[in-house]
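Trainee: kindly generate the corresponding structure for this input.
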Amino acid sequence: MTFTDLKNWFSDSVKTKYSEREAASILKELLTHFDDQQRNWTAIISDEALLAVIQSKINLTIIDRILNDEPLAYIIGHTYFYDLPFKVNQHVLIPRPETEELVDWILEENQTQVRVLDIGTGSGCIAIALVSNRKDWMVEAIDVSKDALILAKSNAELNHVEVNFKNLDILNEDLSIQYDVIVSNPPYISLEEESVMSSTTLKHEPSIALFTQNNDPLQFYKRIGALAKYSLAKNGSLYFELNEFFANETKAMLKNLGYHVELKSDLQGKARMAKCQLI
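Mentor: Numbers count the residues shown, from 1 in each chain. Below is the predicted model of the structure:
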């Protein structure tokens with residue numbers, strides 16, 4: 001089988017959902033994933049025997065999952081975040097590129113040894129990226145989902161780092177010690193926003209990590225902001241990833257709690273991050 005044969009077959013298989021260009025992009029990721037030798041692109045598409053084997057692996061189940069809007073990261077079981085490999089499944093959100101910008105900000109502003117808490121760790125991407133770049137940092141990560149924590153622990157092992165993971169419900173339990181840095185990318189979507197969300201996210205990513213429980217998009221920011229008043233060490237910093245549509249409301253609420261708040265825009269010019277320090 002030639003690469004052109006495979007590309008035409010795959011494009012035809014998913015044409016009801018994806019354009020030829022989109023199909024080619026998906027196929028490229030599948031080919032890279034299924035090549036056990038991890039060769040370069042030219043070597044993969046030149047190996048006709050391999051292409052025939054890969055076609056047999058891209059079976060009807062995978063085609064159906066693609067046509068059902070399932071994210072490719074879930075289908076192949078992994079993705080990359082901050083140049084590090086992460087296993088993902090439907091118990092955790094797929095790490096987003098904009099969250100890498102939050103990690104950048106934390107690393108840039110904290111050069112000395114610190115104790116870090118990552119609230120709502122999911123796949124562990126923030127905690128693991130931080131400690132991978134600051135080996136002397138003491139990093140803890142909590143999540144209400146035990147299934148997410150199982151995966152996060154596996155990702156820490158995969159990346160050869162140590163993170164202290166704990167199962168904790170931040171809405172109903174308190175923090176017991178102080179931290180120099182607290183960071184969270186919490187659920188921040190109200191049910192009213194469902195209509196503008198992609199079907200891929202709504203159908204397949206965990207709702208517990210997306211939606212607030214009382215339709216208040218600031219629910220977790222209020223709770224974490226209140227807890228951090230007692231759990232931030234002197235001169236400590238609280239970092240959030242934000243819902244861009246409620247950035248100003250979040251800032252005002254945190255200011256009322258006694259924080260100096262700095263908003264930061266992502267590369268798209270959207271207010272997606274905040275740094276908070278007690279006045």
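Trainee: show the pLDDT at Phe211.
Mentor: Phe211 carries a pLDDT value of 69.
Trainee: next: Arg134.
Mentor: pLDDT, Arg134: 97.
Trainee: and what of Gly225?
Mentor: The score at Gly225 is 97. That number is its pLDDT.
Trainee: give the buried residues for stretch 104-119.
Mentor: 105-106, 110, 114-119 (16 or more other Cβ atoms under 10 Å). Yep, even glycine has a C-beta here, placed from its N, CA and C like the rest.
Trainee: ok, and what's touching that stretch?
Mentor: 124, 126-127, 130-131, 133-134, 136-142, 170, 175, 177-184, 186, 224, 231, 233, 237, 239, 264, 273, 275 (Cβ atoms under 8 Å, 6 or more residues apart in numbering).
Trainee: and the buried ones among those, selectable in ChimeraX?
Mentor: Buried residues among the contacts of stretch 104-119 (16+ other Cβ under 10 Å), as a ChimeraX selection:
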select :124,126,127,130,131,133,134,137,138,139,140,141,142,170,175,179,180,181,182,183,184,186,224,231,237,239,264,273,275
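Trainee: so which of the contacts of stretch 104-119 are in helices?
Mentor: 126-127, 130-131, 133, 224, 231 (DSSP state H).
Trainee: got JSON lines for the buried residues of stretch 104-119, with secondary structure and distance to Ile208 too?
Mentor: Shown next, in JSON lines, are the buried residues of stretch 104-119 (DSSP: H, G, I helix; E, B strand; the rest coil; distance: Cβ to Cβ, whole Å):
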{"residue": "Trp105", "secondary structure": "helix", "distance to Ile208": "26"}
{"residue": "Ile106", "secondary structure": "helix", "distance to Ile208": "24"}
{"residue": "Asn110", "secondary structure": "coil", "distance to Ile208": "29"}
{"residue": "Val114", "secondary structure": "coil", "distance to Ile208": "29"}
{"residue": "Arg115", "secondary structure": "strand", "distance to Ile208": "27"}
{"residue": "Val116", "secondary structure": "strand", "distance to Ile208": "23"}
{"residue": "Leu117", "secondary structure": "strand", "distance to Ile208": "19"}
{"residue": "Asp118", "secondary structure": "strand", "distance to Ile208": "17"}
{"residue": "Ile119", "secondary structure": "strand", "distance to Ile208": "14"}
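Trainee: okay, those residues in CSV with distance to Ile45 and pLDDT next?
Mentor: As requested, the buried residues of stretch 104-119 are exported to CSV (distance: Cβ to Cβ, whole Å; pLDDT from 0 to 100):
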residue, distance to Ile45, pLDDT
Trp105, 39, 97
Ile106, 40, 98
Asn110, 44, 95
Val114, 46, 96
Arg115, 48, 98
Val116, 43, 98
Leu117, 46, 98
Asp118, 40, 98
Ile119, 44, 97
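Trainee: dump those residues to JSON lines, plus distance to Asn215.
Mentor: Below are the buried residues of stretch 104-119 laid out as JSON lines (distance: Cβ to Cβ, whole Å):
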{"residue": "Trp105", "distance to Asn215": "29"}
{"residue": "Ile106", "distance to Asn215": "30"}
{"residue": "Asn110", "distance to Asn215": "34"}
{"residue": "Val114", "distance to Asn215": "35"}
{"residue": "Arg115", "distance to Asn215": "34"}
{"residue": "Val116", "distance to Asn215": "31"}
{"residue": "Leu117", "distance to Asn215": "27"}
{"residue": "Asp118", "distance to Asn215": "25"}
{"residue": "Ile119", "distance to Asn215": "21"}
